[in-house]
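Student: Have a look at this prediction, sequence included:
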Amino acid sequence: MIAVVDYNMGNICSLGNALGRLGAEWRLTSDHDEIRKASHVILPGVGNAAEAMANLRKLGLPEVIWKIRRPVLGICVGMQVMCRHSEEGNAECMEIFDAKVKRFSEEPGVKVPHMGWSKISNMESKLFKDIEKGSYVYFVHSYYAPLCPDTIATSRHSEMFSAALKYENFYGVQFHPEKSGAVGEQMIANFLSL
Amino acid sequence: MPAKRIIPCLDVKDGRTVKGINFEGLTDVGDPVELGARYASEGADELVYLDISASREDRSTFTDLVKRIAGRINIPFTVGGGISSVEDAARLLDAGADKITVNSAAVANPQLITEIAARYGRQFVVVAIDARQVDGKWMVTTHGGSRLTDLELFSWAKEVEKRGAGEILFTSMDHDGTRNGYPCDTFAQLCRSVSIPVIASGGAGSIEDIAKVLKDGEADAALAASIFHYGEITIHDLKEELLDRGIEVRCY
């Protein structure tokens, strides 16, 4: 059973549909035991990082997530709250990845949010098994994790940033694999076979 | 910057994809879910589904369709047609839509943009603007171009951005359906006056037209319907041609 963490952070419809298309059994839950027993844990998230952290704390989830030794995947804001800190709402986060999340600077010709399909490069993880170099994935975000020792894939908007992070059994992706076509589905399948 | 996007648009009536000229003489061009899935596999970057049904009962048919689309399609999709309240938007979000588009209702009640964006985020709100030239000025129209408003295109675009629109879908009613191309100078001016993405719609007759609006018109995306529905241009060929012209599009 895959646990999709329920902490009132946006719509998980597309993620649920993507897991369904892969034939995976999943459950939306904030129950500590269910999350501890899950084969894989996914932390989704759309919205504000400070609000996301506040919701996680209210449910007592950071302590549960820290102790998990099975694969955990944070998506978008779910990845950002696994970093050290976020500029969005000046939020202290879970400190799993060694990165401080920053906002893209608005410059002429650079649109914020970064929304659309961008290439990912420098992929270094089993998460990207069978993914071709220079594949495109779908992003929607105004904040990003800079490059750091935990970076396992990069992308570029106004500057290079971490498209994905990894520390031990914890993975995070800034893009939306559930909306990234066949490439995204392959990545979710790769995560589920970790 | 992300790759330029190619977006097929599907008009839906009574659960079927239809295509007609100015909504007259509608032709059934297939099941919206199957057609959308085909476009996605051919390389479409997003899809737009517009509900052109008239009655309230048809609205629930459309919501069911949105659920089916969300279950099947693995790329982002936008839905629109008849959204006039936050509740309408919420219903479509719950059904699985990634974005909604509002047009006439936003002109009648600009606060609608503010409220939907505040609740669901600006990435969820695409404001469609239809405009045509009147005495040398671009003026906003509503109800499929039939009603002229006193809003000027560029100031309205800036206002919708300020209110929380995440993207603008602009159609020139002087070019829509003509297949003579887009007004590229107007697109370039529009793209420079806002800092959110602009999607070009209405007027594409050829690959050349799309290339021009993405390059000279500086548009972030191009939306088209009939050229794809009738198989005149496949998305694959279009993207190959755009790449040859040095325009970055997603290869898949």
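Tutor: That came in fine, so what should we check first? The shown structure was predicted, so the numbers you read here are calculated from the model rather than taken from an experiment.

Student: show me where pLDDT drops low in chain A?
Tutor: Nowhere does chain A drop to pLDDT under 70.

Student: near chain B, which residues of it?
Tutor: A:11, A:13-14, A:17-18, A:20-21, A:46-47, A:106, A:109-119, A:134-136, A:138-140, A:157, A:178-185 (C-beta under 8 Å from any C-beta of the partner chain). For the C-beta atoms, the positions are set from N, CA and C on the backbone; glycine is no exception.

Student: quick one: least confident helix or strand in chain B?
Tutor: Ranked by mean pLDDT, DSSP states H and E, the helix or strand of chain B with the weakest confidence is strand B:24-30, at a mean of 72.

Student: And the next helix or strand past that one?
Tutor: Tracing the chain past strand B:24-30, the next element assigned as helix or strand by DSSP states H and E is helix B:32-42.

Student: Just the buried residues of that following helix, please?
Tutor: Neighbour-count burial for helix B:32-42, counted by 16 or more other C-beta atoms under 10 Å in any protein chain shown, picks out B:Pro32, B:Val33, B:Leu35, B:Gly36, B:Ala37, B:Tyr39, B:Ala40, B:Glu42.

Student: out of these, who's near chain A?
Tutor: For chain A, the contacts drawn from the buried residues of helix B:32-42 by C-beta under 8 Å from any C-beta are B:Ala40.

Student: Run through the strands of chain A in chain order.
Tutor: Taking DSSP state E to define them, one finds strands in chain A at A:2-5, A:26-29, A:40-43, A:72-75, A:85-86, A:91-92, A:100-103, A:114-119, A:136-141, A:143-144, A:151-156, A:160-167, A:170-173.

Student: Which one of those strands lies nearest to B:Arg147?
Tutor: Comparison of the strands of chain A against B:Arg147 by C-beta to C-beta identifies strand A:114-119 as nearest, at 30.7 Å.

Student: Now find how far off-centre the closest one is within its chain.
Tutor: 15 Å (C-alpha atoms, centre = their mean, to the nearest Å).

Student: Check stretch B:110-124 too.
Tutor: Taking the mean of its C-alpha atoms, stretch B:110-124 sits 17 Å from the chain's own mean (C-alpha atoms, centre = their mean).

Student: Please put the alpha-carbon coordinates of stretch A:113-120 into PDB.
Tutor: Output of stretch A:113-120 as PDB, limited to C-alpha atoms (Å, rounded to 0.1, in the frame of the first residue of the first chain):
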ATOM      1  CA  PRO A 113       5.800  31.500 -11.800                       C
ATOM      2  CA  HIS A 114       8.000  29.200 -13.900                       C
ATOM      3  CA  MET A 115       5.100  27.400 -15.600                       C
ATOM      4  CA  GLY A 116       5.500  24.900 -18.400                       C
ATOM      5  CA  TRP A 117       7.700  22.200 -19.800                       C
ATOM      6  CA  SER A 118      11.500  22.500 -19.200                       C
ATOM      7  CA  LYS A 119      14.400  20.100 -19.800                       C
ATOM      8  CA  ILE A 120      15.900  18.300 -16.900                       C
END
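
Student: mind putting the buried residues of helix B:32-42 in JSON lines, pLDDT included?
Tutor: Listed next are the buried residues of helix B:32-42 as JSON lines, based on pLDDT from 0 to 100:
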{"residue": "B:Pro32", "pLDDT": "94"}
{"residue": "B:Val33", "pLDDT": "96"}
{"residue": "B:Leu35", "pLDDT": "93"}
{"residue": "B:Gly36", "pLDDT": "95"}
{"residue": "B:Ala37", "pLDDT": "95"}
{"residue": "B:Tyr39", "pLDDT": "94"}
{"residue": "B:Ala40", "pLDDT": "94"}
{"residue": "B:Glu42", "pLDDT": "93"}
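
Student: Need the buried residues of helix B:32-42 in JSON lines (columns: distance to B:Arg122).
Tutor: JSON lines is the format used below for the buried residues of helix B:32-42 (distance: C-beta to C-beta, whole Å):
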{"residue": "B:Pro32", "distance to B:Arg122": "26"}
{"residue": "B:Val33", "distance to B:Arg122": "28"}
{"residue": "B:Leu35", "distance to B:Arg122": "29"}
{"residue": "B:Gly36", "distance to B:Arg122": "24"}
{"residue": "B:Ala37", "distance to B:Arg122": "28"}
{"residue": "B:Tyr39", "distance to B:Arg122": "26"}
{"residue": "B:Ala40", "distance to B:Arg122": "24"}
{"residue": "B:Glu42", "distance to B:Arg122": "29"}
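
Student: Can you name the residue of chain A nearest chain B?
Tutor: In chain A, the residue that lies nearest chain B is A:Gly116 (3.1 Å; C-beta to the nearest C-beta).

Student: quick one, what contacts the nearest residue to that residue once chain neighbours are set aside?
Tutor: Once flanking residues are discounted, A:Gly116 sits nearest to B:Pro2: 3.1 Å by C-beta to C-beta, 6 or more residues apart in numbering or on different chains. Residues near B:Pro2 by C-beta atoms under 8 Å, 6 or more residues apart in numbering or on different chains: A:His114, A:Met115, A:Gly116, A:Trp117, A:Ser118, A:Phe139, A:His157, B:Asp220.

Student: cool, B:Asp11 as well?
Tutor: Contact partners of B:Asp11, counting by C-beta under 8 Å, 6+ apart, are B:Thr17, B:Val18, B:Lys19, B:Leu50, B:Ile52, B:Ala225.

Student: Chain A contacts on chain B?
Tutor: Near chain A, when you scan chain B using C-beta under 8 Å from any C-beta, you find B:1-3, B:5, B:40, B:45, B:70-72, B:74-76, B:93-96, B:98, B:121-123, B:166-167, B:195-197, B:220-221, B:250-252.

Student: tally of neighbours for the residue nearest to B:Trp138 when sequence neighbours are not counted?
Tutor: The shortest distance from B:Trp138 to any non-neighbouring residue, by C-beta to C-beta, 6+ apart, is to B:Leu153 (3.7 Å). Residues near B:Leu153, counting by other C-beta atoms under 10 Å in any protein chain shown, number 23.

Student: So B:Arg5 sits against B:Leu47, correct?
Tutor: No: counting by C-beta atoms under 8 Å, B:Arg5 sits too far from B:Leu47 to count as a contact (10.7 Å).

Student: Now the common contact residues for those two.
Tutor: Shared contacts of B:Arg5 and B:Leu47, defined by C-beta under 8 Å, 6+ apart, are absent.

Student: From B:Asp64, how far out is the one residue in the stretch 51-200 of chain B that gets nearest to chain A?
Tutor: Nearest residue of the stretch 51-200 of chain B to chain A (C-beta to the nearest C-beta) works out as B:Gly96 at 4.2 Å. From B:Gly96 across to B:Asp64, the span is 11 Å (C-beta to C-beta, to the nearest Å).

Student: And A:Gln80, by the same measure?
Tutor: Distance from A:Gln80 to B:Asp64, counting by C-beta to C-beta: 34 Å.
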